[in-house]
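> sequence unavailable; structure follows:
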């Protein structure tokens, strides 16, 4: 018998072993010989024969639960295709439902029926009984039913927020955007009006539930348009009456400690809120437009750390090269890409790995996106002339081992960062360039001498974010015409080598054997995508690339040399992940052409 690993997420109800054994054998689902073998394995692993049978696939979790329900005399309920009313569902708070795998699904005047994975979880039953004041009727269910019901919490909350926003918007006092004579005290009073507070809170919570990264509140001629950026793409969320614009803007200004009566100049601010024990920081930007002030808020989840490089999408040779650079005590690690490509998240992940008790880490950022324990983080303040360059000068006098500069924007910051890496510091930073190779000429354009770059840069990471496939998908292989067309951007031989080296495909597979996926719409992901993942390229500065830097070679020549040394480009890394089923070819081509 081969060894088996029991799935940690399944809960098994304690039932009479002899009764359950007899029922399983009588059902004919497994033979007596198979059950006897499972008993022996269970004795060795100190578990039950039923758990062994499930782990080996002899019976399904659903089969076992139905049999357990029968032996216990407890009804079995399947909620996988059931729509539960919000009034009943919300009788058990979502955190309790998720922690104890318990769902309220049916209610009468005196009784509440709950579906559970473990009907012997008496603590959860007693808690809910005290909370709702009804008799609790436990019913056994399966994990698929629990998963389906938990998703309904979010969908139902979205509907509830939408109704609330529409209802409260009608109650908001009217204040014309053209009334420049309105006093600050009147604006503050308006911002604290109950309907305004409710609408803004609902907008923010709605965005958090939708897992949005940005909220856009845009005053138009006859309405206010609210849009959320989800997985990198903007979506219309709702429209509000035109009269709500000034009130909502005033409320956001109050939250962000901004000037209420300033409507002619841009303003930036920040505030925090907690939703379901999750702290979210909102970075606020206000910009005057023709029809009023446009508000954009970036959502930064403060528990957003805890990533790993593998989890972000680094693998193979690129991951090895990055780990090698992180072991150095001097030099520069740079990330490059457009705004919103995950550069800062990558740097925070590297910092988290480097954050040990024996090093001093200091950062200079604009803004500080996540707070990190044991890291000295400093915020740039341009309005008082506290810039990246001035902050970096001060940091090097703070005895740091590792320095993170949020972004290299000018020649002075670039020069200081390079000098810091030459004088015994490991420096991490970001640049806005389209590729890893493009970062080197960009630094030269900022006035950094080539010989300094060749001796300081360890690796440059280029990256983009692609949407992740979610739910059902359709498999297909490339046609000969598609292969010929894609050879313009993909070196298929290099891609095949990488896929074989990491055992993603068989050694004998060719380009024609590669299987890709297309998204299929589902209830949970209408476009077939949910979440995002990184595609990247990791350029290591070798001796050959050093020579090209000193000769001030173009980014194309530097990239060609890096590819000859084994670097997968972002496009090739995207195709690598598409073969793994993580994303699609169309999504990769979309982001690399931006």
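Arrived safely. This one's a predicted model, so the numbers in the text were calculated from it and none came from an experiment.
> hey, where'd the helices end up in the stretch 251-400 of the chain?
Taking DSSP state H, counting those that start in this stretch, the helices of the stretch 251-400 of the chain run over residues 309-312, 316-326, 343-354, 388-395.
> elements contacting the second one?
In this structure, helix 316-326 makes packing contacts with helix 309-312, strand 331-336, helix 343-354, strand 457-469, helix 492-501, strand 529-540, judged by 3 or more C-beta pairs under 8 Å, 6 or more residues apart in numbering; DSSP states H and E. Where you see a C-beta, it was placed from the backbone N, CA and C, and this is true even at glycine.
> identify each buried residue in the first one, please.
It refers to helix 309-312. 309, 312 (16 or more other C-beta atoms under 10 Å).
> quick one: contacts of it?
For helix 309-312, the external contacting residues (C-beta atoms under 8 Å, 6 or more residues apart in numbering) are 319, 322, 323, 342, 345, 346, 349, 350, 353, 533, 534.
> out of those, which are buried?
Here, 16+ other C-beta under 10 Å leaves 319, 322, 342, 345, 346, 349, 350, 533, 534 buried among the contacts of helix 309-312.
> the residues you listed: which two are farthest apart?
Using C-beta to C-beta, the two most remote members of the buried ones among the contacts of helix 309-312 are 350 and 533, lying 17.5 Å apart.
> picking up where we left off before, now render the contacts of helix 309-312 as CSV, adding distance to residue 456 and pLDDT.
Output for these, formatted as CSV (distance: C-beta to C-beta, whole Å; pLDDT from 0 to 100):
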residue, distance to residue 456, pLDDT
319, 22, 94
322, 17, 96
323, 19, 95
342, 24, 91
345, 24, 91
346, 19, 94
349, 22, 93
350, 17, 95
353, 21, 91
533, 30, 92
534, 25, 95
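> which one of these is nearest to residue 102?
Once C-beta to C-beta is applied, the member of those that ends up nearest residue 102 is residue 533, at 32.5 Å.
> residues contacting that closest one?
Residues near residue 533 by C-beta under 8 Å, 6+ apart: 312, 313, 465, 466, 468, 577, 582, 583.
> the fifth one contacts residue 581, correct?
No: at 9.9 Å, residue 468 and residue 581 do not qualify as touching, with contact defined as C-beta atoms under 8 Å.
> neighbour count for those two, which is higher?
Neighbour count, other C-beta atoms under 10 Å: between residue 468 and residue 581, residue 468 has more, with 19 against 15.
> picking that back up, can I get the helices and strands packed on helix 316-326 in JSON lines with distance to residue 142?
Listed next are the helices and strands packed on helix 316-326 as JSON lines, based on distance: least, C-beta to C-beta, whole Å:
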{"stretch": "helix 309-312", "distance to residue 142": "29"}
{"stretch": "strand 331-336", "distance to residue 142": "44"}
{"stretch": "helix 343-354", "distance to residue 142": "36"}
{"stretch": "strand 457-469", "distance to residue 142": "25"}
{"stretch": "helix 492-501", "distance to residue 142": "36"}
{"stretch": "strand 529-540", "distance to residue 142": "23"}
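> of all the ones you listed, which one is nearest residue 68?
So among these, strand 529-540 is nearest, using C-beta to C-beta, at 32.8 Å.
> residues of the closest one that come out buried?
For strand 529-540, using 16+ other C-beta under 10 Å, the buried residues are 529, 530, 532, 533, 534, 535, 536, 537, 538, 539, 540.
> what score does the residue nearest to the third one when sequence neighbours are not counted have for pLDDT?
Yep, that's residue 532 we're talking about. Closest residue to residue 532 apart from its sequence neighbours, by C-beta to C-beta, 6 or more residues apart in numbering: residue 465 at 4.5 Å. Model confidence at residue 465, given as pLDDT, is 95.
> any idea how far residue 465 is from residue 320?
Going from residue 465 to residue 320 by C-beta to C-beta, to the nearest Å gives 23 Å.
> of these two, who's got more company?
More crowded of residue 465 and residue 320, by other C-beta under 10 Å: residue 465, with 23 against 13.
> so the more buried one bridges to which residues?
residue 534 (DSSP bridges).
> wait, it touches residue 531, no?
No: using C-beta under 8 Å, residue 465 makes no contact with residue 531, being 9.9 Å away.
> residues contacting the closest residue to residue 495 other than its chain neighbours?
The shortest distance from residue 495 to any non-neighbouring residue, by C-beta to C-beta, 6+ apart, is to residue 572 (5.2 Å). Neighbouring residues of residue 572 by C-beta under 8 Å, 6+ apart: 490, 491, 494, 495, 498, 537.
> repeat that with 10 Å
Applying C-beta atoms under 10 Å, 6 or more residues apart in numbering to residue 572 gives the contacts 489, 490, 491, 492, 494, 495, 498, 535, 537, 563, 588.
> would you mind measuring from it to residue 592?
For residue 572 relative to residue 592 (C-beta to C-beta), the value is 10 Å.
> now for those two: what residues contact both?
Joint contacts of residue 572 and residue 592 (C-beta under 10 Å, 6+ apart) are 489, 535.
> any low-confidence regions in the stretch 1-150 of the chain?
Applying pLDDT under 70 to the stretch 1-150 of the chain flags the ranges 1-17.
> tell me where it has strands.
102-107, 111-116, 135-140 (DSSP state E, counting those that start in this stretch).
> how about JSON lines for those strands, with mean neighbour count added?
Shown next, in JSON lines, are the strands of the stretch 1-150 of the chain (neighbours: other C-beta atoms under 10 Å):
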{"stretch": "strand 102-107", "mean neighbour count": "22"}
{"stretch": "strand 111-116", "mean neighbour count": "21"}
{"stretch": "strand 135-140", "mean neighbour count": "17"}
